[in-house]
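> sharing a model prediction with you, sequence too.
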Amino acid sequence: ARSNPGAMLKLLLLLPCVGVHARLGAASAALASPSAALELTRLPRTLTAETLQLAAASPDAGLIARWLGFLVGAGSLLLYTPIAARVYRQRSADGLTLSTWWLKLLSYTCSDAYSFRNGYPLSTYIETLIITVEACGVLLLVAHFQRRLDAAFAGLALSYLAAATWALSAAPPEATALGQSAATALNTCALLPQIAQNAARRSPGGFSPVTAGLACAGCAIRLFTTVELAGSDPLLLAGFAAGLAVNAALLSQIVYYGAVVEGRPLLLVLAADFVAPAEKVPTSPSERALMRASELEALEEASSEADLPSHKRSPGR
């Protein structure tokens, strides 16, 4: 043969594309047929585009996406833990909104049902399962410390359990797809009450900067794993993109109000879940006016007490 069939065979074995071994039959024929060998010499040129396309879908990318998925799942174990720890340590949930956690729980449950009913690999949504449980725990803590574990809360909880059971077991595909679409809207809207409260109070609020940062990282990774492992599902992509945007906005708000408005060091703002809260410094004009009025009232009371005879003064003064 004019060409070297042995060299061509080795070239075929080294080509980085899926399905190239199907052409080994042609290589074997080239060993016996000079004309076939001549055709074989054209393979590297004719397969260039196909090789590039198949390399883009290399199994290596899928393997990386799968391991990243499990990494996000492991990281999700810490997603809402800082918020729960802060609420429990301070015995207060004044900086959080209860509606945020109801919306988050509903959103994550809709995503769980959609991925489960579509048979997606567990690595594509394992973190959603974990943070569903975590969101439920934070919801109970916030409701407890805000003294809102009442009949209305119980009614909402029973309705949620019934809907979740139906979605995971008997809901038609159209319903789960609609639920995933709703999850995108719910997850985006869930943080809006928290963002609005922070803006009204000009305060970082009680939401964890660690949680917001982890959520941003997780959503960014999920955009990649959804493309690689879930066929670029448009509903999932939209949900993760919206989650990335709203968590980035909340994290920016926490940093701005904590570091710029309140003048605290950035490190203390980011470590707010792990350090005791400092005494709040009034920032708005109304707060400063109220503090001055309280100080004047205390001074007047002290002056009036000083003018009274000693036997008429209040005990302890």
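Received, thanks.

> what's the mean pLDDT across stretch 82-95?
The average pLDDT within stretch 82-95 is 88.

> can I get the CA coordinates of that stretch in CSV?
This file holds the C-alpha atoms of stretch 82-95, laid out as CSV (Å, rounded to 0.1, in the frame of the first residue of the first chain):
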residue,chain,number,x,y,z
PRO,A,82,-25.1,29.6,60.0
ILE,A,83,-28.6,31.1,60.1
ALA,A,84,-30.0,28.4,62.3
ALA,A,85,-27.0,28.7,64.7
ARG,A,86,-27.3,32.5,64.9
VAL,A,87,-31.1,32.3,65.6
TYR,A,88,-30.6,29.7,68.3
ARG,A,89,-27.6,31.5,69.9
GLN,A,90,-29.3,34.8,70.0
ARG,A,91,-32.7,33.4,70.9
SER,A,92,-34.2,35.8,68.4
ALA,A,93,-35.3,35.8,64.8
ASP,A,94,-36.2,39.5,64.5
GLY,A,95,-33.9,40.0,61.5
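
> buried sites along that stretch?
Buried residues in stretch 82-95, counted by 16 or more other Cβ atoms under 10 Å: 82-84, 86-87, 93, 95. Yep, even glycine has a C-beta here, placed from its N, CA and C like the rest.

> what's the answer for stretch 166-181, then?
Quick answer for stretch 166-181 (16+ other Cβ under 10 Å): 167, 171, 176, 179-181.

> other residues contacting that stretch?
Contacts to stretch 166-181, defined as Cβ atoms under 8 Å, 6 or more residues apart in numbering, come from residues 109-114, 116-118, 235-236, 239.

> what about the helices in the stretch 151-300 of the chain?
Remark: helices assigned in the stretch 151-300 of the chain by DSSP state H, counting those that start in this stretch are 151-169, 173-190, 192-201, 209-229, 234-255, 266-270, 285-307.

> and residue 78, which of these is closest to it?
helix 209-229 (6.6 Å; Cβ to Cβ).

> export the closest one as PDB, just CAs?
Backbone C-alpha positions of helix 209-229 (Å, rounded to 0.1, in the frame of the first residue of the first chain) are rendered in PDB as follows:
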ATOM      1  CA  PRO A 209     -23.600  36.300  54.400                       C
ATOM      2  CA  VAL A 210     -22.000  32.900  54.400                       C
ATOM      3  CA  THR A 211     -25.300  31.400  53.300                       C
ATOM      4  CA  ALA A 212     -25.700  34.000  50.500                       C
ATOM      5  CA  GLY A 213     -22.100  33.400  49.300                       C
ATOM      6  CA  LEU A 214     -22.500  29.600  49.300                       C
ATOM      7  CA  ALA A 215     -25.800  30.000  47.400                       C
ATOM      8  CA  CYS A 216     -24.100  32.100  44.800                       C
ATOM      9  CA  ALA A 217     -21.300  29.500  44.300                       C
ATOM     10  CA  GLY A 218     -23.800  26.600  44.300                       C
ATOM     11  CA  CYS A 219     -26.000  28.200  41.700                       C
ATOM     12  CA  ALA A 220     -23.000  28.900  39.400                       C
ATOM     13  CA  ILE A 221     -21.900  25.300  39.600                       C
ATOM     14  CA  ARG A 222     -25.400  24.100  39.000                       C
ATOM     15  CA  LEU A 223     -25.500  26.000  35.800                       C
ATOM     16  CA  PHE A 224     -22.600  23.900  34.600                       C
ATOM     17  CA  THR A 225     -23.900  20.500  35.900                       C
ATOM     18  CA  THR A 226     -27.300  21.100  34.400                       C
ATOM     19  CA  VAL A 227     -25.800  21.600  31.000                       C
ATOM     20  CA  GLU A 228     -23.700  18.500  31.300                       C
ATOM     21  CA  LEU A 229     -26.000  16.100  33.200                       C
END
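
> which strands or helices does that helix pack on?
helix 59-75, helix 81-90, helix 234-255, helix 266-270 (3 or more Cβ pairs under 8 Å, 6 or more residues apart in numbering; DSSP states H and E).

> in CSV: those helices, plus distance to residue 135.
Converted to CSV, the helices and strands packed on helix 209-229 look like this (distance: least, Cβ to Cβ, whole Å):
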stretch, distance to residue 135
helix 59-75, 15
helix 81-90, 10
helix 234-255, 13
helix 266-270, 22
